[in-house]
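Chemist: I would like to see how this sequence folds:
(one chain, ligands or ions: 1)
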Amino acid sequence: MTHDLADDRAAVRAFFGERAARWDTRFPDDGPAFAAAVEETALRPGDTVLDAGCGTGRALPELRAAVGPDGTVLGADLTPAMLDEAVRAGRHRTAALLLADVSRLPLRDRCLDAVFGAGLISHLPGPDSGLRELARVVRPKGRLALFHPVGRAALAARQGRQITPDDIRAEPRLRTLLAATGWRLLSYVDRDDRYLALAEREAE
Ligand SMILES: C[S@@+](CC[C@H](N)C(=O)[O-])C[C@H]1O[C@@H](n2cnc3c(N)ncnc32)[C@H](O)[C@@H]1O
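Modeler: Take a look at the predicted model:
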């Protein structure tokens, strides 16, 4: 059976479209975790950064603060309703919002200094093609931050399931996947109060 990416994208849109209006009120206390993760991404004033799978744009104000007025902040998401909520929250004033699939970005090669992806990787229909595309648009030695405000075990408990070693966010799997797609894992934290994997774009 052929895997239909259009169906995958429609499923993502349906899932998050239905949740968009309540997204920011579900977890109102995540702000400090986002701020700490953005700080660890080590952005510099003037950098160009993409929030991949930005949703309602919860990370966008912190990313803007990190790169300053001379920097560029982009937010890309596949779900129109999530971007509508980002606009409703005024976050389009801190970033340019793109309705786009992060596996097929309308961006030039190596045009970004960093990518921040919160809650993204486990929702990508093809994580390898998504990470490869992110590597294409990031300059050599640029950064990738894969973040979630809670760790794998806490998230699984919240969702009423067990964590499994074949979870794409488990360290050995993620390290291998990153290495195969142009990235080198620099650091990995998976605690109840945060998940953060930082990687560097390999030089070619
Ligand atoms: C768990 S939500 C996280 C949203 C936001 N980053 C946050 O932390 O609040 C995942 C988001 O990724 C988006 N997404 C999933 N697959 C995507 C893809 N291939 N391209 C762009 N966005 C995608 C979804 O539409 C959704 O908004």
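
Chemist: in what helix or strand does the most centrally placed residue in the chain lie?
Modeler: Among the residues of the chain, the one closest to the centroid is Gly117, at 1.3 Å (CA atoms, centre = their mean). According to DSSP states H and E, Gly117 maps onto strand 112-118.

Chemist: that strand: how far from the chain's middle?
Modeler: Centre-to-centre, strand 112-118 and its host chain are 7 Å apart (CA atoms, centre = their mean, to the nearest Å).

Chemist: partner strands of the helix or strand where Leu97 lies and their direction?
Modeler: Assigned by DSSP H and E, Leu97 belongs to strand 96-99. Strand 96-99 sits in its sheet next to strand 72-77 (parallel), going by DSSP bridges.

Chemist: send the alpha carbons of the partner strand over as CSV?
Modeler: What follows is strand 72-77, C-alpha atoms only, in CSV (Å, rounded to 0.1, in the frame of the first residue of the first chain):
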residue,chain,number,x,y,z
THR,A,72,14.2,37.7,11.5
VAL,A,73,11.6,35.3,13.0
LEU,A,74,9.5,33.0,10.9
GLY,A,75,6.7,30.7,12.1
ALA,A,76,5.6,27.9,9.8
ASP,A,77,2.6,25.6,10.4
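
Chemist: tell me the helix or strand right after it.
Modeler: helix 80-88.

Chemist: strand 72-77 and the strand holding Gly117, what's the angle between them?
Modeler: On the basis of axes from the mean of the first three to the mean of the last three CA atoms, to 10 degrees, strand 112-118 is oriented at 40 degrees to strand 72-77.
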